[in-house]
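Peer 1: got a predicted structure plus its sequence, pasted below:
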Amino acid sequence: MVAVRSNSFVQALAVLAASGFVLSSAPAGAQSAAHNGPPLSGAAAFHSYYAQVHGVAPELKDLQDALLADGSSSAAQNSQLLNADYNLRPQDEPMIGILSGTGGSNARWVAGANDYSIGAPVGGGMYNSEGVTSFPPFPRLAAGDGMGAVFFGEPPGGTGDPVIASGHTRGTASIPAGKVVTYYASLAFSSSFCENGIQVARSLDNGFSWNRTRVPNYGASGFATYWDNAFDCSVFNDKEWIAVDNSGGPHDGRVYVTWSGFLSDATGSYQESPIYMVYSDDNASTFSSPMRISGTSAAFCTSHSNALSGASECNENQNSQPQVLPNGDLAVAFENGNGSGFNNGRGQMLATVYSPATNAIRGPYQIAPVVYDGSFDFPFNADGRQTFCNSNFRSGVSGSLGADAAGNLYFAYFDDKKHQGEFITTSGKSIFVGGRSTGYACPAGKSTDADIYVLKSTDGAHTWTDVTPVAGHAGGDQFWPSVAAGGGTVAVLFNDRSYDPANKLVDVTLARSGGGGIWRARRIDAAPSNFDNSFFGTGNFAGDYIDVAVDQTGTWHAVWTCVAPGKNDSDICIRHGGSDN
């Protein structure tokens, strides 16, 4: 329940804010409650005040000290290193976008990632094909008291889940139509209070400069959604994704943003997390009103966490992925937990299709009926997050959606079907990996062997066919797939432990085909990564995803989280397809 505060308290906060003082302790009256819905994304779970209030993630001990402590690595850097690395602070969750109209060896690109190198607040780093490293400007968050008064301003405690997309501008009073534009979407949230939102920065010069995003209370620009109630943690906007209409149709240049809206009741208990969508027709300056896009289904969505939900609402979701089709429709894929028998935490993959011509939603359609990522399908680390055997980093299941010029859709995800239900004791409790001294080993007789699955739809997401490359089912764990299509090529990138007989070290595999049929796969990293040494050497976070893009010539461009041998730090590595593609 939200605590009632006097005007004098509000005025005192305003004075502190004007003095540059930022509160870091919990507001009086904050309550902690169990969170039974889908997990929050990585940066949000670690750094947001919402996560503290709802008890959905552990505090990372001494994070602030680690952010403020500088260091350098004596280890030689991998030749594939993308970020300019001057210290032992991590980078993870990379994303790459290819500028419209470029490709092959002449491709111009912008990549983004969580980048802790500037310390606190945690920022999103940007790197481009011209060798620039920069940090798009932080917005100034505005907090309210729940009664309409705005009294506090602070930079975000963190940003996260960076996503890149490229297209052409729509004509406005200040920006001519047809200019090549890059968009950088990310979360922005307070680590001291409850305000949070999703920002979209814009660059017209391949990432050399970016516009300043502003929350509604400061002359809204570039915010897809924003929650400004400082003392009400019942709303958190998480795991955004972005897509640009490059169809050449009437909405060409339109920017779409989707995300998971985590909603709780007055006691702090999880209620639902529908997928929302907004769009912008003025180059991400302003956005439409949010629309629930996850839909309803009497066939697929029959189970709910609370009695307030409608009988067929698909409203317990995470990890949405939008993709604009050649006809201008928007397909959105996501993981859903409303299926029958999913009370052990398993989910299903669904997709809906939005028509801008009619403003209507079709679906949801089922991509995969069961995703084996429940409470007993993977072991847990000491933080209470799902992981793999021989690992400490959290690894929630998510999917990736791509589309080719013919309108065919490709969806990739991973799960642990081979060892489904294995991680439960005889007394019904979850199984945890051992400590660092054991190499985070699972108990004897227990192992993980996660696999990649790739599905294809030729009818606008209605039906799906398995086109998984053989490499996706190799021995050991394969995880965090990204799929993309262009120029007649379909590419799937994923982390791959099949090269290590101990199922410990992480390499990266790129599989490609001419349409999801016959695949050729190869390892593309120069050295394996030991994720035990990621995230300040704690090993408990390495991001949630990696990324591949395919340009108009069919050339692939891959970015991933890597850990150089002997280094207690994670970086971003990059590789481009060449003459051997």
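Peer 2: Alright, I've got the coordinates.
Peer 1: for stretch 290-303, buried residues please.
Peer 2: Buried residues in stretch 290-303, counted by 16 or more other CB atoms under 10 Å: 290, 292, 293, 294, 295, 296, 297, 300, 301. Every C-beta, even on glycine, is put in place using the N, C-alpha and C of the backbone.
Peer 1: ends of that stretch, how far apart?
Peer 2: End-to-end distance for stretch 290-303: 25 Å, by CA to CA, to the nearest Å.
Peer 1: ok, now stretch 476-490?
Peer 2: By CA to CA, one end of stretch 476-490 lies 24 Å from the other end.
Peer 1: ok so, going back, turn the buried residues of stretch 290-303 into CSV, including distance to residue 382 and pLDDT.
Peer 2: Formatted as CSV, those follow (distance: CB to CB, whole Å; pLDDT from 0 to 100):
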residue, distance to residue 382, pLDDT
290, 37, 97
292, 37, 97
293, 37, 97
294, 33, 97
295, 38, 96
296, 39, 96
297, 38, 96
300, 35, 96
301, 34, 95
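Peer 1: pipe those residues into CSV and attach secondary structure and distance to residue 441 per row.
Peer 2: Converted to CSV, the buried residues of stretch 290-303 look like this (DSSP: H, G, I helix; E, B strand; the rest coil; distance: CB to CB, whole Å):
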residue, secondary structure, distance to residue 441
290, coil, 45
292, strand, 43
293, coil, 42
294, coil, 38
295, coil, 42
296, strand, 44
297, coil, 41
300, coil, 38
301, coil, 38
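Peer 1: from the residues you listed, which single one is nearest residue 84?
Peer 2: Closest approach between the buried residues of stretch 290-303 and residue 84, by CB to CB: residue 290, at 36.9 Å.
Peer 1: thought the closest one was touching residue 227?
Peer 2: No. Counting by CB atoms under 8 Å, residue 290 sits too far from residue 227 to count as a contact (11.3 Å).
Peer 1: which parts of stretch 177-193 count as buried, going by neighbours?
Peer 2: Applying 16+ other CB under 10 Å to stretch 177-193 flags 179-193 as buried.
Peer 1: average pLDDT for that stretch?
Peer 2: Mean per-residue pLDDT for stretch 177-193: 93.
Peer 1: for stretch 563-575, same thing?
Peer 2: On average, stretch 563-575 scores 91.
Peer 1: list the buried residues of it.
Peer 2: For stretch 563-575, the neighbour count (16+ other CB under 10 Å) marks 563, 564, 567, 568, 569, 570, 571, 572, 573, 574, 575 as buried.
Peer 1: kindly report the same for stretch 199-209.
Peer 2: Residues 199, 200, 201, 202, 203, 204, 206, 207 are the ones in stretch 199-209 that count as buried (16+ other CB under 10 Å).
Peer 1: domains of this protein?
Peer 2: According to automatic domain parsing, the chain comprises the domains 1-82+105-170+181-296, 372-581.
Peer 1: which of the buried residues of stretch 177-193 fall in strands?
Peer 2: The members of these that map onto strands under DSSP state E are 180, 181, 182, 183, 184, 185, 186, 187, 188, 189.
Peer 1: can you pull the contacts of the closest residue to residue 169 other than its chain neighbours?
Peer 2: Excluding the flanking residues, the one nearest residue 169 by CB to CB, 6 or more residues apart in numbering is residue 179, at 4.5 Å. Contact partners of residue 179, counting by CB atoms under 8 Å, 6 or more residues apart in numbering, are 168, 169, 204.
Peer 1: which one of those residues is nearest residue 550?
Peer 2: Closest approach to residue 550 among the contacts of residue 179 (CB to CB): residue 168, at 18.8 Å.
Peer 1: would you confirm that that closest one contacts residue 178?
Peer 2: Yes. Between residue 168 and residue 178 there is a contact under CB under 8 Å: 5.3 Å.
Peer 1: helix/strand/coil for residue 52?
Peer 2: What DSSP: H, G, I helix; E, B strand; the rest coil gives for residue 52 is helix.
Peer 1: which residues in the stretch 1-150 of the chain form helices?
Peer 2: For the stretch 1-150 of the chain, the helices defined by DSSP state H, counting those that start in this stretch occupy 7-18, 42-47, 49-54, 63-68.
Peer 1: re earlier: any chance of the buried residues of stretch 563-575 in a markdown table, plus secondary structure and distance to residue 319?
Peer 2: Output for the buried residues of stretch 563-575, formatted as a markdown table (three-state DSSP; distance: CB to CB, whole Å):
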| residue | secondary structure | distance to residue 319 |
| --- | --- | --- |
| 563 | coil | 24 |
| 564 | coil | 29 |
| 567 | coil | 29 |
| 568 | coil | 29 |
| 569 | coil | 26 |
| 570 | coil | 21 |
| 571 | strand | 24 |
| 572 | strand | 21 |
| 573 | strand | 23 |
| 574 | strand | 24 |
| 575 | strand | 25 |
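Peer 1: which residues are contacting stretch 290-301?
Peer 2: 225, 258, 261, 274-278, 310-315, 317, 320, 332, 334, 336, 338-339, 348, 350, 352, 354, 361, 363-364, 366.
Peer 1: quick one: distance of that stretch to the chain centre.
Peer 2: Distance of stretch 290-301 from the chain centroid (CA atoms, centre = their mean, to the nearest Å) equals 21 Å.
Peer 1: do the same with stretch 473-488
Peer 2: 17 Å.
Peer 1: likewise stretch 346-364?
Peer 2: Relative to its chain's centre, stretch 346-364 lies at 20 Å (CA atoms, centre = their mean).
Peer 1: in that stretch, which residues are buried?
Peer 2: For stretch 346-364, the neighbour count (16+ other CB under 10 Å) marks 346-354, 356, 361-364 as buried.
Peer 1: okay, and which of these map to strands?
Peer 2: Among the buried residues of stretch 346-364, the members falling in strands (DSSP E) are 347, 348, 349, 350, 351, 352, 353, 354, 361, 362, 363, 364.
Peer 1: as a markdown table, those residues with pLDDT would be great.
Peer 2: Formatted as a markdown table, these follow (pLDDT from 0 to 100):
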| residue | pLDDT |
| --- | --- |
| 347 | 94 |
| 348 | 96 |
| 349 | 97 |
| 350 | 98 |
| 351 | 98 |
| 352 | 98 |
| 353 | 98 |
| 354 | 98 |
| 361 | 97 |
| 362 | 97 |
| 363 | 96 |
| 364 | 98 |
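Peer 1: need these in CSV (columns: distance to residue 87).
Peer 2: Shown next, in CSV, are these (distance: CB to CB, whole Å):
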residue, distance to residue 87
347, 38
348, 42
349, 39
350, 42
351, 41
352, 43
353, 45
354, 43
361, 46
362, 49
363, 46
364, 45
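Peer 1: most centrally placed residue in the protein?
Peer 2: In the chain, the centroid-proximal residue (CA atoms, centre = their mean) is residue 161; its distance is 4.3 Å.
Peer 1: report the beta-bridge partners for the nearest residue to residue 287 once chain neighbours are set aside.
Peer 2: Once flanking residues are discounted, residue 287 sits nearest to residue 278: 4.2 Å by CB to CB, 6+ apart. Going by DSSP bridges, residue 278 is paired in beta bridges with residue 257.
Peer 1: how near is residue 278 to residue 186?
Peer 2: 15 Å (CB to CB, to the nearest Å).
Peer 1: before we move on, the earlier item: going by distance to residue 393, which of the ones in strands among the buried residues of stretch 177-193 wins?
Peer 2: residue 187 (19.8 Å).
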